[in-house]
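Visitor: below are the sequence and a predicted model; questions follow.
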Amino acid sequence: MSNYTIKSISENYKMTAYGVLLEDYNDWAGNAAKTAAKKAEITENGKLAELLALADGQEYQINYVIEGKAWRGFGVMGELDVEGALVLNFLAGDYIVVSGTGADKDRLADEITGKVFGGLLQEITDYKYVGPGNSTFVKAADNGEFYGEMWLRAKKIEG
């Protein structure tokens, strides 16, 4: 999992998502519960399916900073005018891209996120994660497993 690539995005882009503010960034269990509850809510009420139908059908798990607080949600690429959803701005530039594979579609995004923030970012010495957000997608792979990528905006460290 220590492999990563750097990819450059030439234009700013937007994502539209439903999510929840996380009051205490270090409350891992509480944040996981809030995130799971939000995912269940937007799945059950059809809001996530509505977003997916309006976009290309690819779901993203998104982490973002809003007014200095952590926010986590689920959404799609593009700017959509949907009640209750937020439109998040992602800036052009270099992105650290970390990929992973696994058998459990519902866990893979969290596994990639855990590995990135659990040590991989500290191993990368030529780029620094600058945010304000990141996104992860998971899709079916040809071998019956799942493939995912996390994209994190970064700046090259000079020196």
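Guide: Sure, I can see it.

Visitor: which SSE is the residue nearest the centre of the chain in?
Guide: Centroid check for the chain by C-alpha atoms, centre = their mean gives residue 135 as the closest residue, at 2.1 Å. Residue 135 belongs to strand 127-140 when assigned by DSSP states H and E.

Visitor: dump that strand to CSV, keeping only the CA atoms.
Guide: The C-alpha coordinates for strand 127-140 follow below in CSV (Å, rounded to 0.1, in the frame of the first residue of the first chain):
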residue,chain,number,x,y,z
TYR,A,127,5.0,16.2,-1.6
LYS,A,128,2.8,17.5,1.2
TYR,A,129,-1.0,17.1,1.4
VAL,A,130,-2.6,20.6,1.4
GLY,A,131,-6.3,19.9,1.1
PRO,A,132,-8.9,21.3,1.6
GLY,A,133,-10.3,17.9,0.9
ASN,A,134,-9.8,14.5,-0.6
SER,A,135,-12.0,11.9,-2.3
THR,A,136,-12.1,8.1,-2.7
PHE,A,137,-13.9,6.0,-5.2
VAL,A,138,-14.4,2.2,-5.4
LYS,A,139,-15.4,0.3,-8.5
ALA,A,140,-15.6,-3.3,-9.5
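
Visitor: next, the buried residues of it.
Guide: Buried residues in strand 127-140, counted by 16 or more other C-beta atoms under 10 Å: 127, 133, 134, 135, 136, 137, 138. Backbone N, C-alpha and C define where each C-beta goes, glycine included.

Visitor: CSV for these, including distance to residue 147 and pLDDT?
Guide: Converted to CSV, these look like this (distance: C-beta to C-beta, whole Å; pLDDT from 0 to 100):
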residue, distance to residue 147, pLDDT
127, 23, 96
133, 21, 93
134, 17, 96
135, 15, 97
136, 11, 97
137, 9, 97
138, 7, 96
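
Visitor: could these be laid out in a markdown table, adding distance to residue 65?
Guide: A markdown table is the format used below for those (distance: C-beta to C-beta, whole Å):
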| residue | distance to residue 65 |
| --- | --- |
| 127 | 19 |
| 133 | 7 |
| 134 | 10 |
| 135 | 13 |
| 136 | 16 |
| 137 | 20 |
| 138 | 23 |
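
Visitor: hmm, back to that, check the gap between the residue nearest to the centre of the chain and residue 61 for me.
Guide: As judged by C-beta to C-beta, to the nearest Å, residue 135 and residue 61 stand 7 Å apart.
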